[in-house]
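> Quick one: sequence and predicted model below, then my questions.
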Amino acid sequence: MTSTISNKAALVVKTVTGSGAILKSIRSKTISGYEIHMEPTKSCVPVFGDEGCTDESGLVIGTYLHGLFDNENIRHALMSYLHEKNGIKYVPQVAASELDAYEELAGVVRKNVYMERVCEIIGFD
């Protein structure tokens, strides 16, 4: 389903067709967002309907779909994968707002990423 919001952006609803480590739990579910691009894109391994691409592991996902993390099922799939990989039980929580959803993801990053080392690697000592 597509609804144009300008001559360059379209609101879309897509079906998750990809699989792999992150998306397997929500395969065949729908997601929504908006796309901004001018020409048709071809993908040999589409992940959202006829769009997007993933590597063999399913851990690297590329898409023109903006607003991907506004979809609760995508957030829960990612959080579930990260928790499972680290041997932690994941108890999904429904976000009261979009800000809460991003705070949930930010909390996982803060807890698990050594930011001092990241800054050192990219030259922000």
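Arrived safely.
> Now do the same contact list for residue 69.
The neighbours of residue 69, taking CB atoms under 8 Å, 6 or more residues apart in numbering as the test, are 75, 101, 102, 105. C-betas here are computed from N, CA, C, even on glycine.
> Among these, name the buried ones.
75, 101 (16 or more other CB atoms under 10 Å).
> Next, give me the two most distant ones among the contacts of residue 69.
75 and 102 (9.1 Å; CB to CB).
> Now go through the contacts of residue 69 and say which are in strands.
The strands, defined by DSSP state E, take in nothing from the contacts of residue 69.
> Just give me the least confident of the contacts of residue 69.
Of all the contacts of residue 69, residue 101 carries the smallest pLDDT score, 75.
> so that one makes contact with residue 75?
Yes - between residue 101 and residue 75 a contact is recorded at 5.7 Å, counting by CB atoms under 8 Å.
> pretty sure residue 63 contacts residue 46?
No - in this structure, residue 63 is not within contact of residue 46 by CB under 8 Å, at 9.4 Å.
> Not counting its own residues, what contacts stretch 48-60?
Counting by CB under 8 Å, 6+ apart, 14-24, 31, 35, 41, 43-47, 61-65 sit against stretch 48-60.
> I'd like the mean pLDDT over stretch 48-55, please.
88.
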